[in-house]
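J.: no sequence on hand, only this structure:
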């Protein structure tokens, strides 16, 4: 009797392990893929991924049209924002397939993501910019690192403290939120050990920051190359340490406030993930990256 019970338990255990193996691992495997891919993170990168996803869905409709090994299921690609830190956290916690980062992944993030994988899509840069009617734009085309640091720290409160010939208006600082990749890039490249002024207005997205820059002639902020490029008639961007924030200088690494646009994930790509990533890197995907003002990786 005991032997019979043992055999039944062993068979049941083996069956359970087989069932778990079929559904475990990468949840986008062919046996369990529900047709949904999810991205979260950088608000700079999110609109680009969303636009590529829409083009991808319009072209194929269902996953089996992309790859006949995939199910005949409608393509669904969910994209949400929250900053680069949120993107890494989503992958660490296993709540999304990809994290979107507009900066390099941090050492602690790489350590916490099981079987860390990174895919570089292109480059962006932060352009120190003001409203075109700001008096600083009338006098200067170039700012050095120390000058930018003095403006964004507590050292300068009014524009004429920076230069007597400037407006006597208060300096309105616009920065990204602490969780955003732009904050870390600007801190490392410009501020160093000096903190950004506590009076700076934190804006949760780069498009929102540029809109505020456009609305206030006394403001100054760091605008993403991709977003700022769409508003060149309304804002003025400065050279930094004599280097223009041009596409050539950004790609060559001579412009200091530049950052990579990357996707991070855990483990190998599933067929669906690989298909969509290939599409992002295809001619159509890189064309959208360029249209959004970014510089695709070669």
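T.: Nice, I can see it. Keep in mind the model is a prediction, meaning the values are calculated, not measured.

J.: what helix or strand is residue 58 located in?
T.: Assigned by DSSP states H and E, residue 58 belongs to helix 46-60.

J.: do the same with residue 210
T.: Short version, using DSSP H and E: residue 210 is in helix 206-215.

J.: which elements pack onto that helix?
T.: In terms of contacts (3 or more C-beta pairs under 8 Å, 6 or more residues apart in numbering; DSSP states H and E), helix 206-215 is packed against strand 116-131, strand 172-176, strand 201-203, strand 219-224, helix 225-228, strand 235-237. In this view, the C-beta of every residue, glycine as well, is placed from N, C-alpha and C.

J.: pick the most deeply packed of the ones you listed.
T.: Ranked by mean neighbour count, the helices and strands packed on helix 206-215 are led by strand 219-224 with a mean of 28 (mean count of other C-beta atoms under 10 Å).

J.: stretch 274-294: how far from the chain's middle?
T.: In terms of C-alpha atoms, centre = their mean, to the nearest Å, the centre of stretch 274-294 is found 15 Å from the chain centre.

J.: end to end, how far does that stretch reach?
T.: 22 Å (C-alpha to C-alpha, to the nearest Å).

J.: kindly report the same for stretch 64-79.
T.: Span of stretch 64-79 from end to end, C-alpha to C-alpha: 22 Å.

J.: residue 100: how many residues sit nearby?
T.: 32 (other C-beta atoms under 10 Å).

J.: what's the answer for residue 39, then?
T.: 25.

J.: strands of the stretch 1-150 of the chain, start to end?
T.: Read by DSSP state E, counting those that start in this stretch, the stretch 1-150 of the chain holds these strands, from start to end of the chain: 36-41, 76-81, 98-101, 116-131, 142-143.

J.: quick check: domain ranges of this protein?
T.: Under the assignment automatic domain parsing, the domains of the chain span 28-124+260-296, 125-259.

J.: shaky segments in the stretch 151-298 of the chain?
T.: The stretch 151-298 of the chain contains residues with pLDDT under 70 at 179.

J.: now do 80
T.: The model of the stretch 151-298 of the chain has pLDDT under 80 over residues 178-180, 226, 229, 298.

J.: all helices of it, in order?
T.: 159-162, 181-186, 206-215, 225-228, 247-252, 271-280, 283-291 (DSSP state H, counting those that start in this stretch).

J.: for residue 78, which of those is the nearest?
T.: helix 271-280 (12.1 Å; C-beta to C-beta).

J.: so what secondary structure elements neighbour that closest one?
T.: Checking 3+ C-beta pairs under 8 Å, 6+ apart, helix 271-280 ends up next to strand 36-41, helix 46-60, helix 63-66.
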